[in-house]
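Engineer: Build the 3D model from these lines:
(2 chains)
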Number of protein chains: 2
Amino acid sequence: MFIKGVNLGNWLVLEKWMSPVLFEGTDAEDEYWLPRKLSREVYEARIKIHRSEYITERDFVTIKAMGMEAVRIPVPYFVFGDREPFTGCIKELDKAFNWAEKYGLTILLDLHTAPLGQNGFDNGGICGVCRWSKSPEEVEFVLSVLERLAERYGNRKGLWGIEAINEPVMDRAWKLFDVPNRYPAADKDMAEGSGPCTLEFLKDFYVRAYDRMRKFLPEEKYIVIHDGFELLAWKDFMQEEKYVNVVLDTHQYLMMAEAEGCEQNVEAYQEYIREHYEKEIQEMEQYFPVICGEWCLFNSYACGCDTKGGRSVLNGEEGSRKEALGVQEKKQIYQAVAEAQLNAWKKGSGYFYWSYKLLTDTVNEKGWIGWDSWDLGRCVDFGWFPTEEKDNRE
Amino acid sequence: MFIKGVNLGNWLVLEKWMSPVLFEGTDAEDEYWLPRKLSREVYEARIKIHRSEYITERDFVTIKAMGMEAVRIPVPYFVFGDREPFTGCIKELDKAFNWAEKYGLTILLDLHTAPLGQNGFDNGGICGVCRWSKSPEEVEFVLSVLERLAERYGNRKGLWGIEAINEPVMDRAWKLFDVPNRYPAADKDMAEGSGPCTLEFLKDFYVRAYDRMRKFLPEEKYIVIHDGFELLAWKDFMQEEKYVNVVLDTHQYLMMAEAEGCEQNVEAYQEYIREHYEKEIQEMEQYFPVICGEWCLFNSYACGCDTKGGRSVLNGEEGSRKEALGVQEKKQIYQAVAEAQLNAWKKGSGYFYWSYKLLTDTVNEKGWIGWDSWDLGRCVDFGWFPTEEKDNRE
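Structural biologist: Below is the predicted model of the structure:
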């Protein structure tokens, strides 16, 4: 098994930096606060149009033409519309399955947020709040969402698998990402008691999630567990025969390599990729099929400035004021890091680029030069990302 | 001079069938009625998100990668924000010029609507109303919009030209399109007195528009006049030396050929294209550079049913219930009509495909099978539209 895919980030789970206009006129920094800072009518109008325009049938056609086989769709915990004041998005998912099946793609459903937060990231739905693992009630709620997703889509041809929870943060990542400072909570009281979850919690949650989902999922559908940023910690987990088609998902960004001390040049990136990504994936592939469920070409060197581990103007970091590198230079850098990373993923069982699309405007908004490399569409169109001969082109 | 481009239809001038969700929950059929059927807050929220998501920087990258050189941007008469209750869109145009210049594209600004209507089409902004030419005050208003556009963008590198007015309807087209029945007016009183404009009116308008725009437009920028669906009627017009770089724009759709009796098969389309498009463009190219400013691959044969001249479910026509043709068959049909049409445009001075993008969902909405051929993005990704080696790919 080897799966090539791309994330449909920012479609059903919002990230402000990827479509800032959705947040315009509010001080909301995340999905949790957006409906609380807008009138119900305006929130619903903005979300309705965003969901109907950001990803459509035509994007499934494009993704297929890029040579991809699958999409990973981040889904919020309120997908079924049972958590006020959020609007559910199950109709959008239903449509996505129809598009995927029409155009020969499969879908990895990725539960990307949890109530009270599983990581405190903006993309976890609520900045600075990370208390989900301490609330048995909300853990149960998440399990019920997974079960309902499995029940609804388990027998769909278009389903590749379901991922139990995206990027739960354990101790090391909590410190590495400096969550409380990088993602300050809007409401300090809500953040009270936030902190990383334990490996024990996560293992227990994954075992329960597996059982709840497998009840409805035929064995050929994958159940995906995220490594919690500890790729090597899962060797003794779910190795019993009972666990079938469990996939281990690891997310590897060069900005994280930089945060861990990797120098900012192509040779250093290539070496880091060989020494860490390749070796660790190869090692873990003995235990699970391993996918890199999020990665991209973004790096500080091609931006022309130190992004401080992928911090942006939204984090108060200054970006490049103008293009530091020529078009050809940028292409060479991106082609090199693309090749190195794709080689690393070949040691495992597949990958999903993060992300298919973002609306971030690098021309009219200051500080975003270089951030277009998060956008697979632009990477393909700029010739940064290798595409094989298109199946459905001539 | 030969220009290859694509229209950014439905971005700043709305067409319900191209993004139906914008109109959801209202009985508005056109742009005029939309703000009158929604609360101000909801109208503004929908429009804001639509404009910020439908066309973005990344689309300019994609269009360049398709091998295109230019975009034609339909602009409404309320572009400057001086016609309540509409929201202006000059900031979006400003951004578009920055994107175009960054990625090496040029822009044809196309004034696509006029107050009181210049054609009565849905895409003219108000169905069934066509009285603009009879209102000297609104004719003057349109001239002032053209003048202001010329003043604002005249010296921009990214400006290719400005088109005075899109698809004004004269007598023959008024009957051919059966405007009052095909586009019934929501308010019969407003439609009272509607009818085609005369060739004399149009000539007078174009002369005045030329003078008002040329004041601000350097001579190398094009001033574009639409033929009013009478390509051969302009031989004695603007042939004086004073008129520099005037381009004649003709719109040719196979659905119009069908309405005029062309049989619905590939050979008939090819013959019609040779006998009409090619010959007439060649003839008129003696007088003006001629562009085909709107055309597409759409045809009834590939839809698998008679669309009655491009009428859709919105016009109460039933569409195909399922795909009548295989993937390869469709590709052959579209490749053949693409080749024939592109050959015809070569007799002139360029073309703009209609349109770059539409959100119409052919999978989840009944009746729209075959309408994806209006979408250049899908045509390229399906391999229906030929693309040369991409400049900015490897």
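
Engineer: wait, what's in contact with the nearest residue to A:Asp27 once chain neighbours are set aside?
Structural biologist: With CB to CB, 6 or more residues apart in numbering or on different chains as the criterion, A:Asp27 has its nearest non-adjacent residue at 6.6 Å, and that residue is A:Lys37. In this view, the C-beta of every residue, glycine as well, is placed from N, C-alpha and C. Contacts for A:Lys37 were tallied using CB atoms under 8 Å, 6 or more residues apart in numbering or on different chains; they are A:26-28.

Engineer: most neighbours, which of the residues you listed?
Structural biologist: With neighbours taken as other CB atoms under 10 Å in any protein chain shown, the top of these is A:Ala28, carrying 19 neighbours.

Engineer: Give me the distance between the two termini of stretch A:260-278.
Structural biologist: End-to-end distance of stretch A:260-278 (CA to CA, to the nearest Å): 17 Å.

Engineer: Just the buried positions in it, please.
Structural biologist: Of the residues in stretch A:260-278, A:262, A:264, A:266, A:268-270, A:272-273, A:276-278 count as buried by neighbour count, 16 or more other CB atoms under 10 Å in any protein chain shown.

Engineer: what's the answer for stretch A:84-102, then?
Structural biologist: Of all the residues in stretch A:84-102, those buried under the rule 16+ other CB under 10 Å are A:86-87, A:89, A:92-93, A:95-102.

Engineer: before we move on, the earlier item: take the buried residues of stretch A:260-278 and keep only those in helices.
Structural biologist: Counting by DSSP state H, the members of the buried residues of stretch A:260-278 that fall within helices are A:266, A:268-270, A:272.

Engineer: residues making contact with stretch A:130-143?
Structural biologist: The set of residues external to stretch A:130-143 that reach it, using CB under 8 Å, 6+ apart, is A:77, A:111, A:114-120, A:124, A:165, A:168-169, A:174, A:179, A:191, A:193-198, A:201-202, A:205, A:208-209, A:212.

Engineer: Off-centre distance for that stretch?
Structural biologist: Here stretch A:130-143 shows a centroid-to-chain-centroid distance of 20 Å under the convention CA atoms, centre = their mean, to the nearest Å.

Engineer: quick check: mean pLDDT across the one helix or strand A:Pro180 maps to?
Structural biologist: Using DSSP states H and E, A:Pro180 maps to helix A:179-182. Confidence over helix A:179-182 (mean pLDDT, whole number) is 94.

Engineer: CA atoms of it as PDB?
Structural biologist: Listed in PDB are the C-alpha atoms of helix A:179-182, where the atom choice follows Å, rounded to 0.1, in the frame of the first residue of the first chain:
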ATOM      1  CA  VAL A 179       1.900  26.500  23.000                       C
ATOM      2  CA  PRO A 180       0.800  29.100  25.700                       C
ATOM      3  CA  ASN A 181       3.000  31.800  24.200                       C
ATOM      4  CA  ARG A 182       2.700  31.000  20.500                       C
END
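
Engineer: List the neighbours of the helix or strand following it that are in contact with it.
Structural biologist: Helices and strands here follow DSSP H and E; after helix A:179-182, the next one along the chain is helix A:188-191. Contact with helix A:188-191 is made by A:120, A:126, A:128-130, A:180, A:185, as judged by CB under 8 Å, 6+ apart.

Engineer: What segments of the stretch 201-350 of chain A are strands?
Structural biologist: Counting by DSSP state E, counting those that start in this stretch, residue ranges of the strands within the stretch 201-350 of chain A are A:222-226, A:246-251, A:290-294, A:350-353.

Engineer: I'd like those as TSV, with distance to B:Leu231 appended.
Structural biologist: Listed next are these as TSV, based on distance: least, CB to CB, whole Å:
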stretch	distance to B:Leu231
strand A:222-226	58
strand A:246-251	58
strand A:290-294	54
strand A:350-353	47
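
Engineer: As CSV, those with distance to chain B would be great.
Structural biologist: Compiled in CSV, these are given as follows (distance: least, CB to the nearest CB, whole Å):
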stretch, distance to chain B
strand A:222-226, 25
strand A:246-251, 23
strand A:290-294, 19
strand A:350-353, 14
